[in-house]
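**Q** Below are the sequence and a predicted model; questions follow.
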Amino acid sequence: MVFTILGGIVLVVVITVADYKTDGAVGRAIDNPSSIGGGVTLSQYSQLGDGMSYQDAVRVLGGPGTEISRSDLAGTVTVMYQWDGAGMVANMNAMFQNDRLVTKAQFGLR
């Protein structure tokens, strides 16, 4: 009985660790190719301008962002994307309304 309970606990821990590795940094790198090879730079971020389309931003940043929110209110589609930068917490966000950049923010980009 004790071995069955311990075996079940070990199995849960192994499954949890495997899921973490799948959903962790490797998953983000696949969802966000710009995070491969160092991530988005401050120079790339600075090249983004108001009114730029999402596809133009993708070209500047080297890959698609990860969609983190979306709303469609009265015909205005607002989408927020995130790109990883180099370093553990470096990142940037960009918000597009009807496919036009309206705001951007960054933290720790170099």
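**A** Alright, I've got the coordinates.
**Q** Look up the closest residue to Gly108, ignoring the ones flanking it.
**A** Spatial nearest neighbour of Gly108, chain neighbours left out: Ala90 (3.6 Å); criterion: C-beta to C-beta, 6 or more residues apart in numbering. The way it works is simple: take the backbone N, C-alpha and C, and place the C-beta from them, glycine included.
**Q** All the helices of this structure, in order from the start?
**A** 2-23, 25-31, 42-46, 54-61 (DSSP state H).
**Q** What is the burial count for Trp54?
**A** Small correction: residue 54 is Tyr, not Trp. For Tyr54, the tally of surrounding residues (other C-beta atoms under 10 Å) stands at 16.
**Q** which residues does the residue nearest to Gly108 contact?
**A** For Ala90, the contacting residues are Gly39, Val40, Asp84, Gln106, Phe107, Gly108, Leu109, Arg110, by C-beta atoms under 8 Å, 6 or more residues apart in numbering.
**Q** Look up which residues are beta-bridged to the residue nearest to Phe107 when sequence neighbours are not counted.
**A** Spatial nearest neighbour of Phe107, excluding adjacent residues (C-beta to C-beta, 6+ apart): Asn91 at 5.9 Å. Per DSSP bridges, the residues bridged to Asn91 are Asp84, Phe107.
**Q** isn't Asn91 right next to Asp84, touching?
**A** Yes - at 5.4 Å, Asn91 and Asp84 qualify as touching, with contact defined as C-beta atoms under 8 Å.
**Q** shared neighbours of those two, anything?
**A** Val40.
**Q** Now Asp50: closest residue in space, sequence neighbours ignored.
**A** Counting by C-beta to C-beta, 6+ apart, Asp50 lies nearest to Leu101, which is 5.8 Å off, once chain neighbours are set aside.
**Q** Pull the number of nearby residues for the nearest residue to Arg70 once chain neighbours are set aside.
**A** Spatially, and ignoring its direct neighbours in sequence, Arg70 is nearest to Val79 (4.9 Å; C-beta to C-beta, 6+ apart). If you count neighbours by other C-beta under 10 Å, Val79 ends up with 18.
**Q** for the one 10 residues further on, same thing?
**A** The number of residues packed near Val89 is 8, by other C-beta under 10 Å.
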